[in-house]
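In: Predicted model and sequence follow; I will ask about them next.
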Amino acid sequence: MARKQLPHYTVPTLTPEDGATVAAILQDRLNSLTDLHLTLKHIHWNVVGPHFIAVHLMLDPQVDAVRAQADEVAERIATLGVSPVGTPGALVASRSWDDYSLGRAGAIEHLGALDRVYEGVISGHRKAAADTEELDTVTNDLLVGHLHDLELFQWFVRAHLESAGGELSTEGTSTEQDSAGAAEQGAKKAASR
């Protein structure tokens, strides 16, 4: 979690300590969302193969929505009296996850890896929502609203990875590379039927 800065002021009914706690939670989410929108754009530029255009076009609205979410989080941090940090160096220094690991690759491989990325972002957002539920209802509402869109976007991704029987080709994988490989194998298996 980001270092707590004690603000000189914060929103009414929160103490400066509570404002700093909420801002630190949000700074982690700002880092995650900033990383996500850059990752989505990276995939948009590097996706290839027969599903290229579908995935290429699906990602731009997600990029725009996630970028807007990052802006909302940064503005909430500022509203709490803390300075949001949006520099690349600070993001890299404070994040707890590795950089996205795929370059130029097939659409299904990227979607398999992206499923893992969304899983991490959504899990972090759900924890942040739980951590702010009693502390700050406005921040909690913001995060819950984001979860609606993030979970919808993951569903869009998973629809490409799901069999007609409802099985997810990436089930049981834990890394982007494993998920990419499992997604590719699942697509090959489905094509051979």
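Out: Nice, thanks for sending it over. Residues are numbered from 1 along each chain as shown.
In: which residues does the nearest residue to E176 once chain neighbours are set aside contact?
Out: The shortest distance from E176 to any non-neighbouring residue, by Cβ to Cβ, 6 or more residues apart in numbering, is to A113 (3.9 Å). All C-beta spots, glycine's among them, are computed from the backbone N, C-alpha and C. Taking Cβ atoms under 8 Å, 6 or more residues apart in numbering, we find A113 in contact with Y100, S101, L102, E176, Q177, S179, A180, A183.
In: H56: which of those residues is nearest?
Out: L102 (14.9 Å; Cβ to Cβ).
In: G49 versus the closest residue in space to the closest one that isn't next to it in sequence, what's the distance?
Out: Leaving out its chain neighbours, the residue that sits closest to L102 by Cβ to Cβ, 6+ apart is A113, at 5.2 Å. Distance of A113 to G49, given as Cβ to Cβ, to the nearest Å: 14 Å.
In: what about the chain, any weak spots by pLDDT?
Out: Scanning the chain for pLDDT under 70 picks out 1-5.
In: before we move on, the earlier item: would you tell me what helix or strand the residue nearest to E176 is located in?
Out: helix 107-132 (DSSP states H and E).
In: Quick check, A180 in contact with G103.
Out: No - between A180 and G103 there is no contact under Cβ atoms under 8 Å: 11.1 Å.
In: Helices of the protein, start to end?
Out: Using DSSP state H, the helices of the chain run over residues 16-46, 52-79, 88-94, 107-132, 137-159, 176-191.
In: Tell me the buried residues in the fifth one?
Out: Yep, that's helix 137-159 we're talking about. Within helix 137-159, the residues that count as buried by 16 or more other Cβ atoms under 10 Å are T139, N140, L142, L143, H146, L147, L150, F153, Q154, F156, V157, R158.
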